[in-house]
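Undergrad: give the three-dimensional model of this entry:
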Amino acid sequence: MERKKIKNPWLGAEGYNCFGCAPNNPYGVKMEFYEEGDKVVCRWSPRAEYQGWIDTLHGGVQAVLLDEICAWAVMRQVQRTGVTSKMETQYKRSISTNEEYIDIEAKVVDQRRNLVTVEAAIYNKEGELCTRAQCLYFTFSPEKAREEMGFVSCELEENE
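TA: Numbering: from 1, shown residues only. Here you go, the predicted model:
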């Protein structure tokens, strides 16, 4: 299935330093996102500085990866932004910080008024499910998102 890169709507915004997706945050995880069918996906490479136990990706970092991709699924698939209201995470299999990469994916599964439910998962290089989460996202009105967050839309990059 074809992957199309999602344009980061925050690039160039004053004060933008998101731990999850800002490309210039020296401490951040620098995630980039793609649309693949009805999912938002990210291929990410673990590093030793994100470990909990020796050679093991910290569970809190896994939660960050899942929370961030859920937010991007909402931005891309619902064209809204907001905040995580609830997140349930299940750790199924440890992830080595020596992995070449892991795959993270998310998709919107329900929307009721301003509440959006997103399911997300992390898979190791072998395609085995390692961690999954369900997030309940509280979305802002388009007016509030535009006025307070500078969010207008989340589009695909051209020529991808």
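Undergrad: strands of this protein, start to end?
TA: For the chain, the strands defined by DSSP state E occupy 4-5, 34-36, 39-44, 82-91, 102-112, 115-123, 129-139.
Undergrad: distance check, the residue with the largest distance to the centre of the chain against residue 140.
TA: Most distant from the centre of the chain: residue 54, at 24.9 Å, with distances by CA atoms, centre = their mean. Distance, residue 54 to residue 140, using CB to CB, to the nearest Å: 41 Å. Where you see a C-beta, it was placed from the backbone N, CA and C, and this is true even at glycine.
Undergrad: can you check residue 22 too?
TA: Taken as CB to CB, the span from residue 22 to residue 140 is 20 Å.
Undergrad: equivalent analysis for residue 42, please.
TA: Counting by CB to CB, the gap from residue 42 to residue 140 is 23 Å.
Undergrad: over to residue 155?
TA: As judged by CB to CB, residue 155 and residue 140 stand 18 Å apart.
Undergrad: compare those two and say which is more crowded by neighbours.
TA: residue 140 (17 against 12; other CB atoms under 10 Å).
Undergrad: surely that one and residue 80 touch.
TA: Yes: using CB atoms under 8 Å, residue 140 makes contact with residue 80 at a distance of 6.7 Å.
Undergrad: adding mean neighbour count as columns, could you present the strands of the chain in TSV?
TA: Below are the strands of the chain laid out as TSV (neighbours: other CB atoms under 10 Å):
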stretch	mean neighbour count
strand 4-5	13
strand 34-36	18
strand 39-44	21
strand 82-91	14
strand 102-112	18
strand 115-123	21
strand 129-139	20
